[in-house]
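>>> The sequence and its predicted three-dimensional model are supplied below.
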Amino acid sequence: MSIVKFSTGVPGLDKILGGGLIEHGLYLLEGSAGAGKTILGNQICFHRAKVHRQKTLFVSLMSESVGKMLHYLRPLEFFDDQIITQDLCYASGYSAMANDGIEGLKKWLFEVVKSQKTKFLVIDGFRSAKEFAVSEGEYSRFLFYLNSFAGVSGCTIILIAPKEELKSGIEDALVDGMIQLNVGTTGLREYRYVVLTKNRGTKSLAGRHYYKITESGFIIYPRIEALIDKCSEPKAHTEQLAFDIPKFDKMLIGGVTTGSVTNILGAPGAGKTLLSLKFLEAGLKRGENCLYFGFYESPDRLLLKAEGVGINLRPYIESGHFHVRWFPAVDQMIDEMAQIIYETVNDKKISRLVIDGVDGFRACAVETNRTQAFFIALTTYLRCIGVTTFLTEETNLFGSEVLRTNTNLSATVENIFLLRYVEVDAQLLRLISIFKLRDSGYDSSISELSITSKGIDVKKSFVNVEHVLSGSGKDRPEKESK
Amino acid sequence: MKRILIVEDEFTIRDILKMFLEYEGYEIVVAINGNEGFEVILKNKTDLIISDIMMPGLSGIELLNKVKSTPEIVDIPFILMSAAPIQLDEIGIKKHSAFIQKPFDIDELLSLISEMLKEAT
């Protein structure tokens, strides 16, 4: 008999669970105060009752009234009063337990489940049963009973309990799955994450996965590093994609390869965003669908900025070929951002993507040491689906050395371009240089990048100047230059 | 009232099955292994047997073979249950026998019981 799973209806949770909850399964959902245990339990109940039309029962073992709990749940979008009167029932088992102990509760639960023909049961405040059990042995037997009850009755059961650091091993041993909700803080920021500490018979996604509680309830963002082994192997491409900047395309010997990832490094204002937009414009002119995902320029400012250098993207927005997603780099969850990229790329059939930039993700990440692994996963996924991606990344504005603020992505990307300011003859010019182009040869000369109202162009190479990469070019001695 | 024998070594399963079947109006007798079950069948009128397969002592399949080779009780409907899948054809006995794999939905078991009791009458 194969394992039968059903969807929880909670975005992201089924992926973590490896497909959903198992029928006949007994789960422990535990978490710290305010982590959202009751909301999650109820959200699954509503889905089970509303979408699967399964008889669902939510039992509270706490002394607080069910009515009060429902009052707080009512504003959430999944809440539906009509379902409560039909397939979802709420009941308090507190009196049965307080009057007749665990045996009374068992009897009461059986009667209710049987009379309601319940197929999905959530017991909130489960550890109250510990207080009413005459011994630890009785509590263990009750858990064993529930495990067997799930197996025989065909009912899936979720037990909700506060997180206990020193809990007895019996719970870990007797449940089929353990979902742990956690609240953490870093600096002034609070974040929430879910960990599946046990999931029998199913390959689930290990590690921490961040989640949010919104008006629509729980949204879980599976950690993208954990998702990546589900992606197919990237295909090898040979098509070159040009920028429509003749000299630069010549330097690239045609362009960058389809499905490759390019890191554009540059100081603030050196032209990373505009060069990327030029690449998108070239794709849009060929009828491709393109996405700009950024943290810094709001959509309107971005379009205005592009128009300032002769790149008119508005018609492509209107025609539905160009898409802009913008989020300020404050308190965002990077897995949520990755999910938005995935969804947009798939829904809109995007072939060229600009992520502007790496530093925004780093600013949002709860664990900054995760950035490299995150980008390996993200870019691997984008390669798998053949999206040609540009990642902009900031370097220092001043100084002779090029200092990156981020972890080293060099091994992760196929191509690296460097943009920076250079002082030559008391003039501040922009330079562009190709540092790496994995799939073909390239012109390694250091050239001037011109950005004017007429457009973006790559001009002469700095043949008579040396040390330009240091930011302070010096005229090459006459003999050498000859 | 139809009398059903449950042969199951696992206490909680036996207990829960008993509760469900009593709720449906059956009279329930229980045994903890095949040997005890066989004695119960010989001493009391039994309308249907539900037996686990993997038990210490006489297993469910051995009990089934014993019942099916004892003329006075050969026609008692017999339901084997186990977490491991088996084919009744493979053990060579088909008449008034059925198999249900654990974990099962109680409704599935209840309809199988009522079907087999109906056939037997």
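Done, it's in. Computed from a prediction, not measured in an experiment: that's the story for all the values here. Numbering: from 1, shown residues only, chains lettered A, B, ... in the order given.

>>> CA atoms for contacts and neighbours, from now on please.
Will do.

>>> Of all residues in the chain, which one is nearest the centre?
Just so you know, I chose chain A. residue A:335 (1.8 Å; CA atoms, centre = their mean).

>>> You answered for a different chain; I wanted chain B.
residue B:50 (1.4 Å).

>>> How much space separates that residue from chain A?
13 Å (CA to the nearest CA, to the nearest Å).

>>> what's the model's confidence in the helix or strand harbouring that residue, averaged?
Assigned by DSSP states H and E, residue B:50 belongs to strand B:48-52. The average pLDDT for strand B:48-52 rounds to 97.

>>> Work out the gap between it and the centre of the chain.
1 Å (CA atoms, centre = their mean, to the nearest Å).

>>> ditto for stretch B:112-121
Taking mean C-alpha positions (CA atoms, centre = their mean), stretch B:112-121 and its chain are 13 Å apart.

>>> close to chain A, is that stretch?
No - Stretch B:112-121 stays clear of chain A (CA under 8 Å from any CA of the partner chain), getting no nearer than 14.3 Å.

>>> Let's see stretch A:336-354 as CSV, backbone CA atoms only.
Presented in CSV, the C-alpha positions along stretch A:336-354 are these (Å, rounded to 0.1, in the frame of the first residue of the first chain):
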residue,chain,number,x,y,z
GLU,A,336,10.6,35.0,-0.6
MET,A,337,12.5,37.1,-3.1
ALA,A,338,13.8,34.0,-4.8
GLN,A,339,10.3,32.6,-5.0
ILE,A,340,9.1,35.8,-6.6
ILE,A,341,11.9,35.5,-9.2
TYR,A,342,11.0,31.8,-9.9
GLU,A,343,7.3,32.5,-10.2
THR,A,344,7.7,35.5,-12.5
VAL,A,345,10.3,33.8,-14.7
ASN,A,346,8.0,30.8,-15.1
ASP,A,347,4.7,32.6,-15.4
LYS,A,348,6.0,35.3,-17.8
LYS,A,349,8.3,33.0,-19.8
ILE,A,350,11.3,35.2,-19.1
SER,A,351,14.5,34.6,-21.1
ARG,A,352,16.6,37.6,-19.9
LEU,A,353,16.8,38.5,-16.2
VAL,A,354,18.6,41.3,-14.3
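
>>> same question for it, mean pLDDT?
97.

>>> ok, now stretch B:5-12?
Computed over stretch B:5-12, the average pLDDT equals 94.

>>> Centre of the chain to it, how far?
Counting by CA atoms, centre = their mean, stretch B:5-12 comes out at 10 Å from the chain centroid.

>>> Just the terminal-to-terminal distance for it.
This stretch, stretch B:5-12, spans 16 Å end to end (CA to CA, to the nearest Å).

>>> For whichever residue of the stretch 51-200 of chain A sits closest to chain B, which non-adjacent residue is spatially closest?
Nearest residue of the stretch 51-200 of chain A to chain B (CA to the nearest CA) works out as residue A:154 at 4.1 Å. Excluding its sequence neighbours, the residue lying closest to residue A:154 (CA to CA, 6 or more residues apart in numbering or on different chains) is residue B:105, at 4.1 Å.

>>> out of all of them, which helix in the chain is the longest?
By default, I'm working from chain A. Across chain A, the longest stretch assigned as helix under DSSP state H is helix A:94-116.

>>> you looked at the wrong chain, it should be chain B
helix B:106-120.

>>> ok, residue A:316 - contacts?
A:284, A:322 (CA atoms under 8 Å, 6 or more residues apart in numbering or on different chains).

>>> ok, now with 6 Å
Going by CA atoms under 6 Å, 6 or more residues apart in numbering or on different chains, residue A:316 touches residue A:322.

>>> Same question for residue A:267.
So residue A:267 contacts A:394, A:395, A:396, A:397, A:420 (CA under 6 Å, 6+ apart).

>>> what ranges do the strands span in chain B?
Assigned strands in chain B, in chain order: B:3-7, B:27-31, B:48-52, B:78-82, B:97-101 (criterion: DSSP state E).

>>> how about the residues of chain B near chain A?
Neighbours of chain A within chain B, by CA under 6 Å from any CA of the partner chain: B:12, B:13, B:103, B:104, B:105, B:106.

>>> Show me the two of the residues you listed that sit farthest apart.
Using CA to CA, the residues of chain B next to chain A span at most 16.0 Å, a distance reached by B:12 and B:105.

>>> Can you give me the distance of the residue nearest to the centre of chain A to residue A:8?
20 Å.

>>> Check residue A:125 too.
Taking CA to CA, one finds residue A:125 at 20 Å from residue A:8.

>>> neighbour count winner among the two?
residue A:8 (23 against 20; other CA atoms under 10 Å in any protein chain shown).

>>> Could you say which helix or strand holds that one?
Under the assignment here (DSSP H and E), residue A:8 is part of no helix and no strand.

>>> That one reaches residue A:45, doesn't it?
No - contact criterion CA atoms under 6 Å: residue A:8 and residue A:45 do not qualify, at 8.3 Å.

>>> related to what we said a few turns ago, just the contacts of residue A:267 that are near chain B?
Within the contacts of residue A:267, nothing lies near chain B by CA under 6 Å from any CA.

>>> so residue A:332 makes contact with residue A:363?
No - the criterion here is CA under 6 Å, and residue A:332 misses it with residue A:363 at 8.9 Å.

>>> so what's the backbone phi/psi at the closest residue to residue A:20 other than its chain neighbours?
Spatial nearest neighbour of residue A:20, excluding adjacent residues (CA to CA, 6+ apart): residue A:14 at 4.3 Å. Backbone torsions for residue A:14, taken as degrees, to the nearest 10, come to phi -60, psi -40.

>>> What about residue A:14, how many residues nearby?
20.

>>> so where's the stretch 1-150 of chain A uncertain?
A:1, A:63 (pLDDT under 70).

>>> now do 90
A:1-4, A:33, A:62-68, A:84-86, A:115-117, A:127, A:136 (pLDDT under 90).

>>> now swap in chain B and tell me
Using pLDDT under 90, chain B drops low at B:56-57, B:83-96, B:102-105, B:120-121.

>>> OK, now which residue of it is nearest to chain A?
Counting by CA to the nearest CA, chain B gets nearest chain A through residue B:105, at 4.1 Å.

>>> How many residues are close by that residue?
19.

>>> And residue A:449, by the same measure?
Residue A:449 is flanked by 24 other residues according to other CA under 10 Å.

>>> for residue A:287, same thing?
11.

>>> Could you do residue B:39 as well?
11.

>>> Distance check, residue A:423 against residue A:172.
Where residue A:172 is concerned, residue A:423 sits at a distance of 66 Å (CA to CA).

>>> actually residue A:162, not the one I wrote
Residue A:162 is 14 Å from residue A:172, by CA to CA.
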